[in-house]
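Novice: Quick one: sequence plus predicted model below, questions after.
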Amino acid sequence: MNANLNELRPRMMSVAYRMLGSVADAEDAVQDAFLRLQVAGEVLSPEGFLVKTTTRRCIDKLRADRRRKQYVGPWVPEPVDTKQGRLNTVLSESLTQAFLLMLERLSPEERAAFLLRTVFDYKYAEIAEILGKSEVHVRQIVSRAKSRLERDKLRFQPSPREAEGLAERFLTACQLGDMSIVEKLFAEEAEIHSDGGGKVSAARVVVRGRNRAARFLVGLFRKRQRDSQMRNVTVNGEPGVVFISDGAVIQVVSLCIRDEVQAVFMTNNPDKLSRWSLAAID
């Protein structure tokens with residue numbers, strides 16, 4: 001494979017991961033696009049070919065995937081280990097688990113058009129070519145997607161400078177089992193999404209409300225501190241922790257912070273933990 005073409009792989013992974021919320025599925029889509037490029041003959045724009053093929057593969061995957069409709073309990077995007085300060089603001093915000101969950105409200109084509117335009121800065125004419133639609137239609141799709149996401153986007157948009165200090169106080173209170181501080185730092189409408197996929201213990205519904213969320217989280221930290229070690233990490237660009245037992249990651253927790261702790265995302269499903277710290281997503 002040409003070295004210059006391989007330089008396009010991280011960008012294709014970034015598109016596919018945001019579309020699918022799964023590292024494994026994103027890798028499959030990108031690999032298929034590169035294989036198709038190899039046998040496509042003369043291609044004037046390899047990047048155009050790859051982004052079109054990757055996006056179309058993701059749309060097909062989302063349309064055909066019935067697993068999410070049958071998923072046991074809350075579904076949380078597969079977490080990725082990221083380093084603070086690596087990404088620009090737009091890329092960083094669009095990588096958070098809260099943002100990826102918002103995208104679940106969009107149809108596959110709405111998701112593709114919205115991401116390609118607002119995150120990856122493709123022109124409307126280029127997106128029209130990728131989706132096989134008119135430029136006017138693509139503009140309508142992007143506008144509709146923005147309207148549908150606006151309310152939650154404001155609610156979950158992180159504030160990195162404030163997040164660091166608040167996350168430290170919050171996680172310390174969780175470790176100490178200090179219910180009053182944990183509850184105080186949670187937003188009134190706080191949510192905890194716990195993803196076990198029906199394979200390991202996890203809450204089967206989203207835990208909502210400041211008091212219920214605080215009690216749930218303090219109980220979880222109390223249990224985890226008895227049977228595992230905790231390490232601070234950055235999860236999809238946001239503060240979080242991993243719990244490790246016998247050398248294996250058994251849970252990844254990330255915080256969504258905007259003035260207060262708005263949401264906590266927990267990934268317990270072992271299928272989503274096997275690539276933790278291995279996947280490189282920008």
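Specialist: Yep, it's here.
Novice: C-alpha from now on. contacts and neighbour counts both.
Specialist: Will do.
Novice: distance between stretch 64-71 and the chain's centre?
Specialist: 17 Å (Cα atoms, centre = their mean, to the nearest Å).
Novice: contact partners of it?
Specialist: Around stretch 64-71, the neighbours that count as contacts under Cα atoms under 8 Å, 6 or more residues apart in numbering are Trp75, Gly197, Gly198.
Novice: Just name the shakiest helix or strand of this structure by mean pLDDT.
Specialist: Every helix and strand of the chain was ranked by mean pLDDT, DSSP states H and E. The lowest is helix 89-93, at a mean of 71.
Novice: Could you point out the helix or strand that follows it?
Specialist: Using DSSP states H and E, the next helix or strand after helix 89-93 towards the C-terminus is helix 97-103.
Novice: In the protein, where is pLDDT below threshold?
Specialist: Counting by pLDDT under 70, the ranges of the chain that qualify are 1-3, 67, 84-90, 151-162, 279-280.
Novice: That one: strands as residue ranges?
Specialist: Secondary structure of the chain (DSSP state E): strands located at 186-195, 207-208, 229-235, 238-245, 248-258, 260-267.
Novice: Switch the ones you listed over to CSV; also include distance to Gln31.
Specialist: As requested, the strands of the chain are arranged in CSV below (distance: least, Cα to Cα, whole Å):
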stretch, distance to Gln31
strand 186-195, 27
strand 207-208, 37
strand 229-235, 25
strand 238-245, 28
strand 248-258, 27
strand 260-267, 26
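Novice: Pro108 contacts Arg63, correct?
Specialist: Yes - between Pro108 and Arg63 there is a contact under Cα atoms under 8 Å: 7.0 Å.
Novice: coming back round to it: of the contacts of stretch 64-71, which is the nearest to Ile181?
Specialist: Proximity of the contacts of stretch 64-71 to Ile181 (Cα to Cα) peaks at Trp75, which lies at 27.9 Å.
Novice: How about that closest one: what's its closest non-neighbour residue?
Specialist: In this structure, Trp75 finds its nearest non-sequential neighbour in Asp195, 5.6 Å apart by Cα to Cα, 6 or more residues apart in numbering.
Novice: List the residues that contact the one you found.
Specialist: Asp195 touches Gly73, Pro74, Trp75, Val76, Ala202, Ala203, Met266, Thr267, Asn268, Asn269, counting by Cα under 8 Å, 6+ apart.
Novice: Now flag whichever of the residues you listed is closest to Gly21.
Specialist: Val76 (8.2 Å).
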